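what follows is a predicted protein model with its sequence.
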Amino acid sequence: MLSRRSFFKFLGWGNFLAAAGLAFGPGLIRFLYPRVLFEPSSVFKAGFPGEYPPGTVSEKFKKNPYGVWIVRKEDGEFYALVAICTHLGCTPRWFASENKFKCPCHGSGFDREGMHFEGPAPRPLERVQITLAEDGQLLIDKSVKFLEERGDWGKPGSTLRI
Amino acid sequence: MEYFLLLVTKPDNVPIVAIVLLLPFFTWLAFSQGRRNDLAGTPAEAALNDKVYCWPYLCRNEFLCAIITMLVLGIWSITIDAPLEEPSDPTITPNPSKAPWYFLALQEMLVYFDPWIAGVVLPGLIIAGLIAIPYIDINPKGKGYYTLKERPFALITFCFGFFVLWIVLMVVGTFLRGPGWNFFAPWKEWDPHKIVPLTNVNLSYLFGIRNEQPAGIFGMCVVVGYFALGPIYYFLKRGTSKFLQELGLVRYIVVSFLFLTMMSLPIKMILRWTLNIKYIWVSPWFNI
Amino acid sequence: MNERRNGLKEKITNNQIWQSMFRHGYEKTGRRYTLQVLQNVWLHLHPPRVTRHAINFRFTWCMGGITFLMFLVTAVTGVLLMFYYRPTAEYAFRDIQYLEFDIPFGMLLRNMHRWAAHGMVIAVMLHMFRVFLTGSYKKPREFNWGVGVILLLVTFFLSFTGYLLPWDQLAFWAVTVGTNMARATPVLGHEGPFAPQDIVTQANDVRFALLGGTIVGPSTLLRFYILHCVAVPLLASVLMALHFWRVRKDGGISGPL
């Protein structure tokens, strides 16, 4: 039988631990995740389709803060690859002469499609949504991702055919 | 060779050069004292067991040590400037990009394991394993003096982990890894376009298993079987080994798990070098 | 001459101000040696007396002490560097250049800070090596060995957070590569095994808490600065106090019993 004294002892300590635990546990953790981020917008316009000759990999929007390659296939189809290596997040480079993206950190290689074929990368490069804006420019939305391992690459928005 | 010399004299690599020079000296210092103690039968420190006043005898030594250290640090700071490269640019990754030198053993492990093992699980287990050492080492001998023959297993295991899996990997990562994290011998020039044919295959493929599911089950059996080696040995030897009985099942399982995990790194490295093994166990969620 | 010197000494020490600060005399006796340690806040980390082998460099290598000295050097030089350094993406790199080229002794202070940090990592590794080789982690020092391992981790983390602050290519990419491993944390990282898809994302995984963003950016610089200059040094100080206190309470520096 719980005595009154020990009941209040448990109640007191319980309250103290719960309050301290909530403040330093979930409270502190939540504090580390702000509601608003001042990061570059994930949506941007990437010029007119005519600026990209078929069969090329454009590094024009690889620069900060965009970080995507816009690839146009021989048949005129567009897709956008995120310039972040799927191994540890370095920025790969495009070697046109070798027809591959090569990551300088650990040597992962990706072909023009973004498929990984060498090195430690566990999955292909990510593609992001590419559509046409109302003014006829390419519109890239980096917040919408298409991952090959989920079978997303054929889905609408992952490629753009003009 | 020129590249190698450039690397060795790079300001940020001075500490690792210092470690390479200091460690053999301190290892010799420790092992010679251990040998002396073993030969004498009683540790030399036991004869020096009388007490001296901290002031001035200990404080004097500490002061001396601090002055010499500050002298070395002062000369180091006057002669070698801390590096400052060009301003950061998120779109240009230097080739190669390296972590600070004391994390290069971890970066080197990334060649052989996926990031979740090399970057998270293994470091976590290293820390947990180090903290566990006093609780799993039940050898009462060798407390407070250098010795070699009174605790051979503890010394060999620790020195293997420290020298081979930490220091050597660090040195390889610092001095012998070039563009694309490719291996370059000291006399070779760093060629950013070096192409290394990567013909790595999974273990199941070597055994002729081509389908995904049987390959996954095969890999699981290999990994689980590897870690089961410990318990199997325990149940075979329990009856006859007094040491195992003293250690007890729980301690034994912790020891064998940590030991087998540590040995999995050199095993995977050797498998990669000889048989070009990429993964042992491929599953839809993770690869080992 | 001797008399005049003694007279001067008498004048300096035999008054209320001096005696309010220093309670013991300077005679060469065991009593004074004991009081010197006991009545001094900086020295009373030590016991009055230690075993003779504990003052032997061959036995101790003095590596724990060197680690602490390096910590003190980085603390002092670090505070001085903070006078001129602003942890924002616009200014960080330029402030380092300013420190190097325009501040008297700025370059020297930066060098000392960086090399002392590297020296601390070296010394702490050698300290652990010595403690292991002498079996000094054994009972009753198990807990203090654990504190020491955490301090090793804290030392690495101190050095790692400081690595980003110059905001140059070396810093940026070393930290990018280092923190990207957190992406692969099982369950808690958005690319880790068993992480629930679309629930654990780039914006709420464990790496985000460290970086304060989805990429290494200005908020990462600020976070690392706070960790490097305030949070981790405080943690290190608390753990060091515990570590030193336990060395004494667990029987002083280890030796054959």
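Thanks, I have the structure now. Numbers count the residues shown, from 1 in each chain, chains lettered A, B, ... in the order given.

so what's the residue of chain A found nearest chain B up against?
Distance from chain B to each residue of chain A (CB to the nearest CB) is smallest for A:P104, at 3.3 Å. Placement of C-beta: from N, CA and C, glycine included. Counting by CB atoms under 8 Å, 6 or more residues apart in numbering or on different chains, A:P104 makes contact with A:90, A:92-93, B:93-97, B:179-180.

switch the cut-off to 7 Å
A:90, A:93, B:93-97, B:179-180 (CB atoms under 7 Å, 6 or more residues apart in numbering or on different chains).

those residues also near chain C: which ones?
Filtering these for neighbours of chain C using CB under 7 Å from any CB of the partner chain leaves A:90, B:93-94, B:97.

quick one: is stretch A:118-135 near chain B?
Yes - judged by CB under 7 Å from any CB, stretch A:118-135 comes into contact with chain B through A:118-120, A:122.

on that earlier part again, now the residue of chain A closest to chain B. Nearest residue, chain neighbours left out?
In this structure, A:P104 finds its nearest non-sequential neighbour in B:N95, 3.3 Å apart by CB to CB, 6 or more residues apart in numbering or on different chains.

and the longest helix seen in chain A, what does it pack onto?
Across chain A, the longest stretch assigned as helix under DSSP state H is helix A:4-22. With contacts defined as 3 or more CB pairs under 7 Å, 6 or more residues apart in numbering or on different chains; DSSP states H and E, helix A:4-22 has no helix or strand neighbours.

buried ones in that helix?
For helix A:4-22, the neighbour count (16 or more other CB atoms under 10 Å in any protein chain shown) marks no residue as buried.

what's the answer for stretch B:237-247, then?
B:244, B:247.

just the residues of stretch A:118-135 next to chain B: which are in helices?
Using DSSP H, none of the residues of stretch A:118-135 next to chain B sit in helices.

nearest to C:V37, of the residues you listed?
A:P120 (56.1 Å; CB to CB).

for the closest one, give me its contacts.
A:P120 touches A:87, A:106, A:108, B:110-111, counting by CB under 7 Å, 6+ apart.

so C:F157 makes contact with C:P233?
No - the pair C:F157 / C:P233 is not scored as a contact, 10.7 Å apart, by CB atoms under 7 Å.

one step back: for the contacts of A:P120, give me JSON lines that also has neighbour count.
JSON lines is the format used below for the contacts of A:P120 (neighbours: other CB atoms under 10 Å in any protein chain shown):
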{"residue": "A:H87", "neighbour count": "26"}
{"residue": "A:H106", "neighbour count": "23"}
{"residue": "A:S108", "neighbour count": "26"}
{"residue": "B:L110", "neighbour count": "23"}
{"residue": "B:V111", "neighbour count": "20"}
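
closest one to C:R23 out of these, please.
So of the contacts of A:P120, ranked by how close each gets to C:R23 (CB to CB), first place is B:L110, at 58.7 Å.

give me the phi and psi for that closest one.
phi -60, psi -20 (degrees, to the nearest 10).

what residues sit buried inside the longest strand along chain A?
In chain A, assigned by DSSP state E, the strand with the most residues is strand A:138-146. Using 16+ other CB under 10 Å as the test for burial, strand A:138-146 gives A:138-142, A:144-146.

same deal with stretch C:176-187?
Residues C:176-186 are the ones in stretch C:176-187 that count as buried (16+ other CB under 10 Å).

now that stretch: average pLDDT?
Across stretch C:176-187, pLDDT averages out at 86.

touching chain A at all, it?
Yes - contact of stretch C:176-187 with chain A (CB under 7 Å from any CB) involves C:176-177, C:180-181, C:183.

ok, and which of the residues you listed reach chain B?
The residues of the residues of stretch C:176-187 next to chain A that also fall near chain B, by CB under 7 Å from any CB, are C:177, C:181.

restricted to helices, list the residues of stretch C:176-187 next to chain A.
Using DSSP H to define helices, the subset of the residues of stretch C:176-187 next to chain A located there is C:176-177, C:180.

can you tell if stretch B:79-87 touches chain C?
Yes - if you take CB under 7 Å from any CB as the test, stretch B:79-87 does meet chain C, through B:80-87.

using PDB, write out every CA atom in that stretch.
Written as PDB, here are the backbone C-alpha positions of stretch B:79-87 (Å, rounded to 0.1, in the frame of the first residue of the first chain):
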ATOM      1  CA  THR B  79      57.600  29.100 -38.700                       C
ATOM      2  CA  ILE B  80      54.400  27.600 -40.200                       C
ATOM      3  CA  ASP B  81      51.400  29.600 -41.100                       C
ATOM      4  CA  ALA B  82      47.900  28.200 -40.700                       C
ATOM      5  CA  PRO B  83      46.400  27.500 -44.200                       C
ATOM      6  CA  LEU B  84      43.800  29.700 -45.700                       C
ATOM      7  CA  GLU B  85      42.500  28.800 -49.100                       C
ATOM      8  CA  GLU B  86      40.200  30.700 -51.400                       C
ATOM      9  CA  PRO B  87      36.700  31.700 -50.100                       C
END
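
for the helix or strand hosting B:Y3, buried residues please.
Assigned by DSSP states H and E, B:Y3 belongs to helix B:2-8. Buried positions in helix B:2-8, judged by neighbour count with 16+ other CB under 10 Å: B:4, B:7.

is chain C contacted by it?
No - Helix B:2-8 is not in contact with chain C by CB under 7 Å from any CB; minimum separation 13.9 Å.

residues in contact with the residue in the stretch 51-200 of chain B positioned nearest to chain C?
Distances between the stretch 51-200 of chain B and chain C by CB to the nearest CB are smallest at B:G119, namely 2.8 Å. By CB under 7 Å, 6+ apart, B:G119 lies in contact with B:106, B:110, C:181, C:184.

that one belongs to a strand, doesn't it?
No - B:G119: not assigned to a strand; according to DSSP: H, G, I helix; E, B strand; the rest coil it is helix.

re earlier: my guess is the residue nearest to A:P104 contacts B:G178, does it?
No - counting by CB under 7 Å, B:N95 stays clear of B:G178, with 8.5 Å between them.

for the closest residue to C:G148 other than its chain neighbours, give me the backbone phi and psi.
Distances taken as CB to CB, 6+ apart put C:H243 closest to C:G148, at 6.2 Å, once the chain neighbours are dropped. For C:H243, the backbone dihedrals are phi -60, psi -50 (criterion: degrees, to the nearest 10).

in terms of secondary structure, what does the lowest-mean-pLDDT helix or strand in chain A contact?
Lowest by mean pLDDT, DSSP states H and E among the helices and strands of chain A is strand A:116-118, with a mean of 84. Packing partners of strand A:116-118 (3+ CB pairs under 7 Å, 6+ apart): strand A:109-111.

show residues contacting the helix or strand encompassing A:W94.
Assigned by DSSP H and E, A:W94 falls within strand A:93-95. The contact list for strand A:93-95 (CB under 7 Å, 6+ apart) reads A:57, A:59, A:69, A:101-102, A:104.

in PyMOL, how would I select the buried members of these?
Burial among the contacts of strand A:93-95 is assessed by 16+ other CB under 10 Å; the matching PyMOL selection reads:
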select buried, chain A and resi 57+69+101+102+104
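
okay if I get the contacts of strand A:93-95 as a markdown table plus secondary structure, pLDDT and distance to B:R210?
Output for those, formatted as a markdown table (DSSP: H, G, I helix; E, B strand; the rest coil; pLDDT from 0 to 100; distance: CB to CB, whole Å):
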| residue | secondary structure | pLDDT | distance to B:R210 |
| --- | --- | --- | --- |
| A:V57 | strand | 91 | 34 |
| A:E59 | coil | 89 | 39 |
| A:W69 | strand | 92 | 34 |
| A:F101 | strand | 90 | 29 |
| A:K102 | strand | 86 | 29 |
| A:P104 | coil | 76 | 34 |
